[in-house]
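Colleague: can you look at this prediction? I've put the sequence above it.
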Amino acid sequence: MTSVTQLYNVNQLTPGMELGQPVLNQKGTVLLAEGTVLNKALLDHLSRLGVESVGIKETILQQSTEITLDSKSLELLNQAVEQIKSSFHTIEKYGKVPMQIFENIAANHLSPLVNTHSAANFLNIDRPKSDYLYNHSINVGLLSGLIGKWMGSSEEEISALILTGLLHDIGKTQIPQDVINKTGKLTPKEMELVKLHATYSYRLLNDLPNIPPTVKFGILQHHERLDGSGYPGRFRDDKVHRFARIVAIADIYCAMTADREHSEKFNPFAAAEELAKDMYSKLDTEICTTFLTNFCTFIIGNKLQLEDGREVEIVYTGHFLNLNPLVRTAEGEILTITNWRSIRKMTPFSAKLT
């Protein structure tokens, strides 16, 4: 392990952080010494003194952390994608949801993955744009379950969250597929059609027995936003179900970081930054904080390709409100990424399969 000093705004500090350099006043007098571990009283003291930013000590990896994605789990994921694809076609043709298949995928394909160390890295696998809807359903199911796990949810809740994520977009089968698969920008009329999918998803499930209300409301409300700007009901605050709040964050992150026909793919850091912008207005602050904090952990060890063609390994991320990741080149040089545009793509699947 080695350490670096990263600059943080005072309003980004939390108790337990360690100063990586002394805090000085305008006359050069030491207010707090290097190595001081901050507590609430010291944070209040810094605010009263008008200190704007301080250097915080952060630990980075000295050795390379190779990501391993086991081949058995990958095969389970590939099987799940094919089953989802077949199920979506069934819903489109007959208007009936083969619930047993979705429940089997949730229980036997995704639930085991949620409990693996490298689960989140399966979200980063490049897949064909033409299969976006099916892969997206799998990814949102997996990430919804992960967020539930990170928040300390029960096994029963985690399973229900996975199922909610898997089913959240089934209503898109009821919308003309030339609109869903359109490569260009959607017209306002087409956008209104697409917005109906949450309601259609709910209707497809509403009369089916043994589906928990939490799953149904999570699906119906996954595009609602806490400031009332979402759809279909423009609900706000406590009118938005907790499951919907979790699935919303999973849906946004997975959509932004995927290859889609009608929008540019975000690299994970840019996507995390977009989520952070909305975490105090549109999204649930606690859930978003939980996701972004864990994001800073699971992203370490992934590979990035820079604009100049170099492949680098992420060794440090920092706090999610101050994302300036450190990366290691093949020669061992440590670089700071301050411009997301310098990242051409993330290449996690250079990791070996076991």
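Modeller: In hand now; what should we look at? Numbering: from 1, shown residues only.
Colleague: now the helices for this structure?
Modeller: Ranges of helices in the chain, per DSSP state H, are 40-49, 71-94, 99-105, 111-114, 132-150, 155-167, 177-180, 188-194, 197-206, 213-220, 242-256, 268-278, 285-298.
Colleague: format the ones you listed as TSV; extra columns: distance to R236, mean pLDDT and mean neighbour count.
Modeller: No exception for glycine: its C-beta is placed from N, CA and C like everyone else's. Compiled in TSV, these are given as follows (distance: least, Cβ to Cβ, whole Å; pLDDT from 0 to 100; neighbours: other Cβ atoms under 10 Å):
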stretch	distance to R236	mean pLDDT	mean neighbour count
helix 40-49	31	87	13
helix 71-94	31	90	16
helix 99-105	30	96	17
helix 111-114	30	88	19
helix 132-150	21	95	25
helix 155-167	20	97	25
helix 177-180	28	90	14
helix 188-194	21	95	12
helix 197-206	16	97	19
helix 213-220	15	97	21
helix 242-256	12	97	24
helix 268-278	14	89	19
helix 285-298	14	88	18
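Colleague: can I get those helices in TSV with distance to A120?
Modeller: Below are these laid out as TSV (distance: least, Cβ to Cβ, whole Å):
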stretch	distance to A120
helix 40-49	30
helix 71-94	12
helix 99-105	18
helix 111-114	10
helix 132-150	6
helix 155-167	14
helix 177-180	27
helix 188-194	28
helix 197-206	25
helix 213-220	20
helix 242-256	10
helix 268-278	10
helix 285-298	4
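Colleague: of those, which approaches T336 most closely?
Modeller: The closest of the helices of the chain to T336 is helix 268-278. By Cβ to Cβ, the value is 12.2 Å.
Colleague: please name every helix or strand in contact with that closest one.
Modeller: Packed against helix 268-278 by the contact rule (3 or more Cβ pairs under 8 Å, 6 or more residues apart in numbering; DSSP states H and E) you find helix 242-256, helix 285-298.
Colleague: ok, D131 - contacts?
Modeller: Contact analysis of D131 by Cβ atoms under 8 Å, 6 or more residues apart in numbering lists V81, K85.
Colleague: K216 against L205, yeah?
Modeller: Yes. If you go by Cβ atoms under 8 Å, K216 and L205 touch, sitting 5.8 Å apart.
Colleague: return every residue with contacts to both of these two.
Modeller: In contact with both K216 and L205: no residue, using Cβ under 8 Å, 6+ apart.
Colleague: who's in contact with the residue nearest to the spatial centre of the chain?
Modeller: The centre of the chain sits closest to Y253, judged by Cα atoms, centre = their mean, with a distance of 4.2 Å. Y253 sits next to L143, A271, A272, L275, F291 when contact means Cβ under 8 Å, 6+ apart.
Colleague: and with 6 Å instead?
Modeller: Y253 makes contact with A271 under the criterion Cβ atoms under 6 Å, 6 or more residues apart in numbering.
Colleague: distance of S201 relative to K129?
Modeller: Counting by Cβ to Cβ, to the nearest Å, the gap from S201 to K129 is 22 Å.
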